[in-house]
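A.B. asks: I would like to see how this sequence folds:
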Amino acid sequence: MKEGLVSFVMLTYQSFDGVIDTLASLFEQDYPSIELIISDDGSSNYDGGIAAVKRYIDENRPDSVERVVYNHLEQNQGTVRNANAALRLANGEFVKLLGAGDTFWAKDSLSTYVARLRESGCLICFSKLVGVTPEGQLVYKLASCADDYDELRAMTPLQLRDRLFARNCLPAPAWIARTELFERYGYFPEVARLIEDYPYWLYLCGKEVRFGFVDDVLIRYRLSGVSSAGSYGKQFMTDMYAIYGQCIFPVDKRFGPAQGLYNALKRAGLNAYMDRARWGEYSVAQKASAWVRHGIFFAYIDLSNWRVARKNEKEG
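C.D. replies: Numbering: from 1, shown residues only. Sure, this is the predicted structure:
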């Protein structure tokens, strides 16, 4: 491990769209010591896709990027395993992971991350982020990011875990960690295929790891047309079933004797989201059946999305 070095990890699969944007943002950072790791999850078009990336790096790489590592999994294994494979290659004191298309908010974002992580004494630290729609519109209020970090900062790890049982309010693009975190507590749990962060935050809170919080916006998070509309894909929902089944339902005791009822309602909510994910495949009869079973949850989902949209209109 090299002291002060930030291992910057970017994951790719099939589409290399957005990679150059992320690299350009990294190359603009004023932080002086960076290791770049690009790990591909078995893309069938890897040779053609990575060639343009390598060319851009060769032509634009600043002196601050001391080392570049290209990793390619022979077979597609999913985001979680790809992330773990990349983390095992990291040589830095710190590690920062961003998805292709996500970018730093300012040129000093990485320096701010490292400074705040050191100041906090924590092994992991979260900043705030701003979403960017495919049309380039900034979205300041996201369901995946808590509005009030002061509230989270005041919580014990177990209290934070209770908050996470309800929903994941710690955004995956917004964390930075000491590599020591993974050495002590292991890599991302391979509970799901695409969602690496949520099970890990729950696990770390259970181990009473203290999280740090930075009130500054340090990341622009690229929203897909689907995610920005407040709906999710089938694989995402399959992952959520696994996370709730293995990491939340067996551990969540917040409601005492009423816990079974709460879990049943939560399962029904998950089923409603899965219906939304599969809506395009449903026949008219299946859609009618879904409305009978989950209409109240559809109304709640739409109301929640409307409230978030209203918040963003006020921000704008």
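A.B. asks: which residues touch the residue nearest to P32 when sequence neighbours are not counted?
C.D. replies: Nearest non-adjacent residue to P32, counting by C-beta to C-beta, 6 or more residues apart in numbering: S64, 5.3 Å away. Glycine gets a C-beta too; all of them are placed from N, C-alpha and C. By C-beta atoms under 8 Å, 6 or more residues apart in numbering, S64 lies in contact with 27, 29, 31-34.
A.B. asks: how close does the residue lying closest to D102 once chain neighbours are set aside sit to Y31?
C.D. replies: In this structure, D102 finds its nearest non-sequential neighbour in P173, 5.0 Å apart by C-beta to C-beta, 6+ apart. To Y31, P173 is 17 Å away according to C-beta to C-beta, to the nearest Å.
A.B. asks: against E35, how distant is the residue nearest to P32?
C.D. replies: For S64 relative to E35 (C-beta to C-beta), the value is 10 Å.
A.B. asks: could you pull out the helices for the stretch 151-300 of the chain?
C.D. replies: Along the stretch 151-300 of the chain, the stretches classed as helices by DSSP state H, counting those that start in this stretch are 157-166, 179-185, 197-206, 234-243, 259-277, 284-315.
A.B. asks: which one of the ones you listed lies closest to R118?
C.D. replies: helix 179-185 (12.6 Å; C-beta to C-beta).
A.B. asks: helices and strands around that closest one, which ones?
C.D. replies: strand 92-99, helix 197-206 (3 or more C-beta pairs under 8 Å, 6 or more residues apart in numbering; DSSP states H and E).
A.B. asks: deepest in the core, which of those is it.
C.D. replies: Mean neighbour count (mean count of other C-beta atoms under 10 Å) peaks for strand 92-99 among these, with a mean of 23.
A.B. asks: can you pull the domain assignment for the chain?
C.D. replies: Listed by automatic domain parsing, the domain ranges of the chain are 1-101, 104-267.
A.B. asks: can you give me the first-to-last residue distance of the first one?
C.D. replies: The first residue of domain 1-101 is 28 Å away from its last residue (C-alpha to C-alpha, to the nearest Å).
A.B. asks: what mean pLDDT does it get?
C.D. replies: Averaging pLDDT along domain 1-101 yields 94.
A.B. asks: oh, and call the first residue 636 from now on, that's how I've got it
C.D. replies: Noted, 636 is the first residue going forward, which turns the last one into domain 636-736.
A.B. asks: what are the phi and psi values at the closest residue to V774 other than its chain neighbours?
C.D. replies: Once flanking residues are discounted, V774 sits nearest to G766: 3.6 Å by C-beta to C-beta, 6+ apart. Phi and psi for G766, reported as degrees, to the nearest 10, are phi -80, psi 150.
A.B. asks: so how far is R819 from G766?
C.D. replies: For G766, the distance to R819 - C-beta to C-beta - is 32 Å.
A.B. asks: which one of these two is surrounded by more residues?
C.D. replies: A direct count of neighbours by other C-beta atoms under 10 Å for G766 and R819 places G766 higher, at 23 against 12.
A.B. asks: so H929 versus R913, what's the distance?
C.D. replies: 12 Å.
A.B. asks: more neighbours: these two, which one.
C.D. replies: Per other C-beta under 10 Å, whichever of H929 and R913 has more neighbours is H929, with 20 against 14.
A.B. asks: so what's the closest residue in space to the more buried one that isn't next to it in sequence up against?
C.D. replies: In this structure, H929 finds its nearest non-sequential neighbour in A907, 3.8 Å apart by C-beta to C-beta, 6+ apart. Neighbour list for A907: 925, 929, 932-933, 936 [criterion: C-beta under 8 Å, 6+ apart].
A.B. asks: contacting residues for L640?
C.D. replies: By C-beta under 8 Å, 6+ apart, the neighbours of L640 are 668-670, 701, 726-729.
A.B. asks: same thing but 6 Å
C.D. replies: Contacts here follow C-beta atoms under 6 Å, 6 or more residues apart in numbering; on that basis L640 touches 668, 670, 727-728.
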